[in-house]
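S.K.: Compute the structure for the input listed below.
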Amino acid sequence: MDEKSLLRTLTKVVNTLAAAGIDFAVAGGCAVYARGGPPSDHDVDVFVREEDVRRAQQALVDAGMRPEEPPEDWLTKVYYEDVLVDLIFRPNYRSDIADVLARAEEMRIGPALAKVVTGTDLMVDKLLVLDAHRCDFTPLLTIARDLREQVDWGRVAAETQESPYARSFITLLEALSVAEVERSGT
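M.R.: Here you go, the predicted structure:
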């Protein structure tokens with residue numbers, strides 16, 4: 001998928017949800033790109049409240065997208081042309097989506113202006129995905145380097161402490177002098 005198709009889809013999603021009055025924040029690879037990281041070539045991720053997800057999906061369908069109901073219980077999906085849009089209401093089963101949306105910052109992403117999750121929330125989300133089957137630190141190292149000054153690494157460490165994969169990644173960042181982690185209570 002090319003960057004132009006992704007940005008066209010993102011712009012359509014952002015404008016449609018804003019016109020419908022739905023609170024949302026751009027997340028995932030598009031948020032990384034907005035914050036100065038590498039461009040995404042995968043899909044468009046948008047965080048919404050669980051109580052708004054059906055209304056968001058319907059607004060996007062009314063704007064010409066086609067719905068898809070995935071088996072997962074934490075998101076729903078639509079497609080615009082061949083580009084997948086994930087409407088995520090419980091990222092990594094976190095229950096603080098309202099807080100994540102409240103912290104999001106308005107930024108320009110290509111031609112769109114939208115709320116984008118903070119660098120800290122973005123890294124928490126990225127690290128909570130790591131598990132025995134998804135443990136490639138290579139792309140995360142690039143993202144961490146590009147966003148390092150936008151991230152509260154102490155908060156990332158605290159919010160991901162239950163994950164041995166996240167703890168290992170943070171230790172690697174410290175060893176490489178990518179991040180300094182101030183841990184509370186130590």
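S.K.: those strands in this structure, which residues are they?
M.R.: 24-27, 44-48, 66-68, 75-80, 83-88, 105-109, 112-116 (DSSP state E).
S.K.: Mind splitting the protein into its structural domains?
M.R.: Following automatic domain parsing, one gets these domains for the chain: 3-117, 124-175.
S.K.: Now mean pLDDT too, for the ones you listed, in a markdown table please.
M.R.: Shown next, in a markdown table, are the domains of the chain (pLDDT from 0 to 100):
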| stretch | mean pLDDT |
| --- | --- |
| domain 3-117 | 95 |
| domain 124-175 | 96 |
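S.K.: I'd like those domains as TSV, with distance to E182 and mean neighbour count appended.
M.R.: (C-beta placed from N, C-alpha, C; glycine too.) Formatted as TSV, the domains of the chain follow (distance: least, C-beta to C-beta, whole Å; neighbours: other C-beta atoms under 10 Å):
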stretch	distance to E182	mean neighbour count
domain 3-117	19	18
domain 124-175	4	16
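S.K.: Pipe the ones you listed into CSV and attach distance to V181 per row.
M.R.: As requested, those are arranged in CSV below (distance: least, C-beta to C-beta, whole Å):
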stretch, distance to V181
domain 3-117, 19
domain 124-175, 4
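S.K.: contacting residues around the closest residue to V44 other than its chain neighbours?
M.R.: Nearest residue to V44 in three dimensions, chain neighbours excluded: V85, at 4.6 Å (C-beta to C-beta, 6 or more residues apart in numbering). Contact analysis of V85 by C-beta atoms under 8 Å, 6 or more residues apart in numbering lists T9, V13, D43, V44, D45, V46, L60, M65, K77, V78, Y79.
S.K.: who's in contact with the fourth one?
M.R.: Going back to what we said before, that points to V44. V44 makes contacts with L6, T9, L10, V13, V26, G28, C30, V83, L84, V85, D86, as judged by C-beta under 8 Å, 6+ apart.
S.K.: just the last one next, same as before
M.R.: For Y79, the set of contacting residues under the criterion of C-beta under 8 Å, 6+ apart consists of M65, R66, E68, V85.
S.K.: For these, give me CSV that also has distance to W153.
M.R.: Formatted as CSV, those follow (distance: C-beta to C-beta, whole Å):
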residue, distance to W153
M65, 37
R66, 40
E68, 36
V85, 30
